[in-house]
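A.B. asks: I'd like to go over a predicted model; first the sequence, then the structure.
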There are 2 protein chains.
Amino acid sequence: MSGTRRFKAIVSYDGSRYVGWQTQAHGISIQSTIEAAISSICLKKTSITGAGRTDAKVHAKGQCFHFDTDFYLDAPKWKQAINGHLPKDIRIVSLEEVDHRFHARFSVINKRYDYVINLGEYDVFTADYAMQCWYSLNIEAMRKAAAVFIGEHDFSSFCANSFAQTTDQTRTITRLELVEEGSFLRLIFEGKGFLRYMVRMITATLIEVGRGRLSIQDVQTMMDARNKEVCRYNAQPQGLYLVRIDYEVPKSEDEDKISQA
Amino acid sequence: MSGTRRFKAIVSYDGSRYVGWQTQAHGISIQSTIEAAISSICLKKTSITGAGRTDAKVHAKGQCFHFDTDFYLDAPKWKQAINGHLPKDIRIVSLEEVDHRFHARFSVINKRYDYVINLGEYDVFTADYAMQCWYSLNIEAMRKAAAVFIGEHDFSSFCANSFAQTTDQTRTITRLELVEEGSFLRLIFEGKGFLRYMVRMITATLIEVGRGRLSIQDVQTMMDARNKEVCRYNAQPQGLYLVRIDYEVPKSEDEDKISQA
């Protein structure tokens, strides 16, 4: 490890033309695009570790990743160099050197996802950046139903993961807020971790409540079922944004020594 | 003409992935995309006449065109059918049957173009929808210089047309306003007609004023030169929007008869 430093980066991307964060057999991924940029700067194949995956067409304002390198650049130069190699739809917002104990995935304490719905007229300029809703929604009913999801629950009914992938499907949503912004409706989700499709499936379920096609009791029944068959709703990817990731503040080396003493 | 009706349409498009309004040898144009949609509905090759061209990557919120057809659909059905055949980045906003004397290009009395500049941090979500300005601008100086352009002038210095294309390069700008919207600056241009690149060249010139690299006197001297060699500035296409086109209200047939009497 001598000479190897770890850097943490916050990255923003327009996911429209990507297959998602993770490298796939076909199509271009965000991860591979960033790895190609870093590798071409330090002339050494370098991989990055993201906080989590985002699906095809999903956007990020504050995705995080870390990478290790022994290349001589400091943090401001790394940021500048990577941005110089990235296409216009991916941009490093900030980059800093961190302790080796920092881990982009394991050190997460909170994530915020927003889901944006256009309740107004169809608009070519937001087609890739919001879900178009053609129905009028009862937002008060949606707010009441949102309460069903807040707190610690087994979200088996609202995710795509098979049990084989993630045995424990218990997660905690600490915030689920519906904010009206002109003709747009923004759903703000916060929690330490989310299962695959969880935000989009909950959003789509709340839209069904807003349309009057599901009651709050129906939503509660779906939740209690803990069954992957009960929820067949999934909101489109282009409305989803990974907004922010919060990390635990790592203890300093000194504190470590003290606690070991 | 018996049975042939004329329809006027207002169309909005995200120009990012198009070569512009006009059909070109290479790449996809807005015009040809709309013509393909209409032709596939009425099963007859149908051409449309636009109010004017927009260049590659330029956007429109209110471009206008007309087309003639003897197909049986009425206006609401035409709108619905065309939108059903268009890609998500082109959308008919409104469509109505008009008098045969209406002409999308010749009946124009006023056009509005907006140019949008991002003065804030680079943002992946506005990269295709605003020009990124890396400099701080003296907006008051730009406002003063804008006055040079308002009114009737020979705009030879601020256009790309060769004299062979347009002999008379005199145009009238009735409005040129700079509006600050958060970290964005919007330049609003109105006038009956604009020369090719005129809005973008004036915008780029005003940015040079804002950066302190040109004085108001310099701008006046450039205008007075009426010379295509003096202005080498041209702002990027993605900041430009064709916002609205106003048409003369055609006299009714009755009025025509009265005036002929």
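C.D. replies: Yes, it's here. Residues are numbered from 1 along each chain as shown, chains lettered A, B, ... in the order given.
A.B. asks: where does chain A dip in pLDDT?
C.D. replies: Filtered on pLDDT under 70, chain A yields the residue ranges A:1-2, A:161-166, A:250-261.
A.B. asks: switch to 90 and redo it
C.D. replies: Per-residue confidence for chain A (pLDDT under 90) gives these ranges: A:1-3, A:23-26, A:160-168, A:227-232, A:249-261.
A.B. asks: quick one, what contacts the residue lying closest to residue A:239 once chain neighbours are set aside?
C.D. replies: Leaving aside its sequence neighbours, residue A:239 sits nearest to residue A:131 (CB to CB, 6 or more residues apart in numbering or on different chains; 3.6 Å). Bear in mind the C-beta positions are built from the backbone N, C-alpha and C, glycine included. With contacts defined as CB atoms under 8 Å, 6 or more residues apart in numbering or on different chains, the neighbours of residue A:131 are A:115-118, A:203, A:235-236, A:238-239.
A.B. asks: and for residue A:47?
C.D. replies: With contact taken as CB under 8 Å, 6+ apart, residue A:47 is in contact with A:35, A:67.
A.B. asks: how near is it to chain B?
C.D. replies: The gap separating residue A:47 from chain B is 23 Å, by CB to the nearest CB, to the nearest Å.
A.B. asks: next one: residue A:218
C.D. replies: Per CB to the nearest CB, residue A:218 is found 32 Å from chain B.
A.B. asks: what secondary structure does that residue sit in?
C.D. replies: Going by DSSP: H, G, I helix; E, B strand; the rest coil, the secondary structure assigned to residue A:218 is helix.
A.B. asks: how many residues are close by it?
C.D. replies: Residues within reach of residue A:218, counting by other CB atoms under 10 Å in any protein chain shown, total 16.
A.B. asks: ok so residue A:222 is a helix residue?
C.D. replies: Yes: according to three-state DSSP, residue A:222 belongs to a helix.
A.B. asks: strands - which of the contacts of residue A:131 land there?
C.D. replies: Where the contacts of residue A:131 overlap with strands, as defined by DSSP state E, the overlap consists of A:115-118.
A.B. asks: those strands in chain A, which residues are they?
C.D. replies: Defined through DSSP E, the strands belonging to chain A, from first to last, are A:5-13, A:49-50, A:59-69, A:90-98, A:108-118, A:131-132, A:151-154, A:170-181, A:184-191, A:240-247.
A.B. asks: elements contacting the first one?
C.D. replies: Yep, that's strand A:5-13 we're talking about. Packed against strand A:5-13 by the contact rule (3 or more CB pairs under 8 Å, 6 or more residues apart in numbering or on different chains; DSSP states H and E) you find helix A:30-42, strand A:59-69, helix A:75-85, strand A:90-98.
A.B. asks: helices or strands up against the third one?
C.D. replies: In this structure, helix A:75-85 packs against strand A:5-13, helix A:30-42, strand A:90-98, with contacts taken as 3+ CB pairs under 8 Å, 6+ apart.
A.B. asks: cool, the second one as well?
C.D. replies: Helices and strands touching strand A:59-69, as assessed by 3+ CB pairs under 8 Å, 6+ apart, comprise strand A:5-13, helix A:30-42, strand A:49-50, strand A:240-247.
A.B. asks: switch the ones you listed over to CSV; also include distance to residue A:103 and mean neighbour count.
C.D. replies: Formatted as CSV, these follow (distance: least, CB to CB, whole Å; neighbours: other CB atoms under 10 Å in any protein chain shown):
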stretch, distance to residue A:103, mean neighbour count
strand A:5-13, 9, 22
helix A:30-42, 16, 20
strand A:49-50, 7, 18
strand A:240-247, 9, 21
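A.B. asks: would a markdown table of the ones you listed with distance to residue B:48 be doable?
C.D. replies: Converted to a markdown table, the helices and strands packed on strand A:59-69 look like this (distance: least, CB to CB, whole Å):
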| stretch | distance to residue B:48 |
| --- | --- |
| strand A:5-13 | 36 |
| helix A:30-42 | 38 |
| strand A:49-50 | 46 |
| strand A:240-247 | 36 |
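A.B. asks: indicate which one of these is closest to residue B:15.
C.D. replies: Counting by CB to CB, residue B:15 lies closest to strand A:5-13 out of the helices and strands packed on strand A:59-69; the figure is 21.6 Å.
A.B. asks: which of the ones in strands among the contacts of residue A:131 count as buried?
C.D. replies: With neighbours counted by 16 or more other CB atoms under 10 Å in any protein chain shown, the ones in strands among the contacts of residue A:131 contain buried members at A:115-118.
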